[in-house]
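> Pasting a predicted model and its sequence here:
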Amino acid sequence: MSAAVLICGADEAGRGPLAGAVYAAAVILNPDRPIIGLADSKKLSEKKRDLLSVEIKQYALAWAIASCSAQEIDEINILQASLLAMKRAIEAMQAQFGVTPDLVQVDGNKCPKISLPCEAIVKGDSKVQAISAASILAKVARDAELYELDKIYPQYGFAQHKGYPTAFHLEMLNTHGITPVHRLSYAPVRRLSQ
C-alpha cells in the first residue's frame with residue numbers, strides 16, 4: 001500500500017485592485033477530513049468564505065498565507081508579485097508544518113519558481129479542491145487587510161470596493177490623491193502620480 005500523494009494547492013487574490021498587497025495561500029487538504037462547499041472564492045459570498053476559511057485552517061494538513069506589498073508589485077509587476085507571493089506561501093507552509101508536498105498545483109498558466117514539482121491549471125480554483133481552499137484563504141486574508149486600510153484611510157471606501165477601480169474609488173483618488181498603499185504602476189494611479 002503506497003502512501004497518498006500529498007498535493008498542495010496554491011492561488012492568489014488581488015491582482016486587479018489599485019491598492020493593497022497581493023495575497024497568496026498554499027493548502028494541503030486532509031483526505032480524511034473533507035471540507036464541504038469548497039469552490040472558487042469569487043463564486044462564494046463573503047460570509048461563506050469566512051466560514052470555510054476557519055474550517056480549512058482547522059482541518060487541512062498544512063496551510064500558509066503570504067503576500068507581496070504594493071511597492072513590490074510596482075517593482076516587479078503584478079504577475080511576478082503573484083508568483084512570488086505563492087512561492088512565499090508554499091515555503092512558509094513547509095517551514096511551519098514540516099511537510100513537503102509531492103506536487104504543487106497552482107491556479108493559472110504559470111508556476112512560481114519553486115524546487116518542487118509544479119503544475120499550472122487554468123481555472124484550477126474551480127477544478128481542484130486544494131486550489132479552491134487556497135483561493136479562499138488568500139481572499140479572506142486580503143479582504144481583512146482592506147478592512148484595516150479602511151480604518152487608516154476612511155475616505156477611500158476600501159471596505160466596500162476592496163481596492164478595485166470602482167467609480168467611487170476613482171473619484172476619491174481624484175479628490176484626495178494617492179496613498180502609500182496604492183499601486184503606482186497601475187494606470188489610474190500612475191496618471192495621478194505624474
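Here it is on my side, so go on. Numbers count the residues shown, from 1 in each chain.

> Run through the bridge partners of Cys118.
Val104 (DSSP bridges).

> Spit out the contact partners of it.
Contacts of Cys118 were listed using Cβ atoms under 8 Å, 6 or more residues apart in numbering, and they are Leu103, Val104, Gln105, Val106, Cys111, Pro112. For glycine as for every other residue, the C-beta is placed from the backbone atoms N, C-alpha and C.

> Show me which helix or strand of the chain is least confident by mean pLDDT.
Within the chain, judged by mean pLDDT, DSSP states H and E, the helix or strand with the poorest mean is helix 187-193; its value is a mean of 89.

> ok now the longest helix belonging to the chain, how far from the chain's centre?
If you go by DSSP state H, the chain has its longest helix at helix 129-152. The chain centroid and the centroid of helix 129-152 are separated by 6 Å, computed with Cα atoms, centre = their mean, to the nearest Å.

> Let me see the mean pLDDT of that helix.
Averaged across helix 129-152, pLDDT comes to 98.

> For the helix or strand that that helix is followed by, name the packing helices and strands.
Next along the chain after helix 129-152, taking DSSP states H and E as the criterion, comes helix 158-161. Applying 3 or more Cβ pairs under 8 Å, 6 or more residues apart in numbering; DSSP states H and E, we find helix 158-161 packed against helix 129-152, helix 167-176.

> Which strand or helix spans the residue lying closest to Ala19 once chain neighbours are set aside?
Among residues not flanking Ala19 along the chain, Gly163 sits closest, at 4.0 Å (Cβ to Cβ, 6 or more residues apart in numbering). Using DSSP H and E, Gly163 sits within no helix or strand.

> And the pLDDT for Gly163?
As predicted, Gly163 sits at a pLDDT of 97.

> neighbours of it, just the number please.
Look at Gly163: counted by other Cβ atoms under 10 Å, it has 26 neighbours.

> can you tell me which residues contact it?
Applying Cβ under 8 Å, 6+ apart, the residues contacting Gly163 are Gly14, Pro17, Leu18, Ala19, Gly20, Leu146, Leu149, His169.

> Most neighbours among those, please name it.
Ranked by neighbours (other Cβ under 10 Å), the contacts of Gly163 are led by Gly14, which has 29 neighbours.

> contacting residues around the helix or strand where Met86 lies?
Element membership of Met86, judged by DSSP H and E, is helix 78-97. Residues outside helix 78-97 that contact it (Cβ under 8 Å, 6+ apart): 8, 10-12, 15, 21-28, 61-68, 72-73, 76, 99-101, 104, 106, 110-114, 116, 134, 138, 183, 185.

> Narrow the residues you listed to those in helices?
Reading helices off these with DSSP H, I get Glu72, Ile73, Ile76, Ala134, Ala138.

> which residue packs closest to the second one, ignoring adjacent ones?
Ranked by Cβ to Cβ, 6+ apart and with sequence neighbours excluded, the top spatial neighbour of Ile73 is Ala81, at 4.4 Å.
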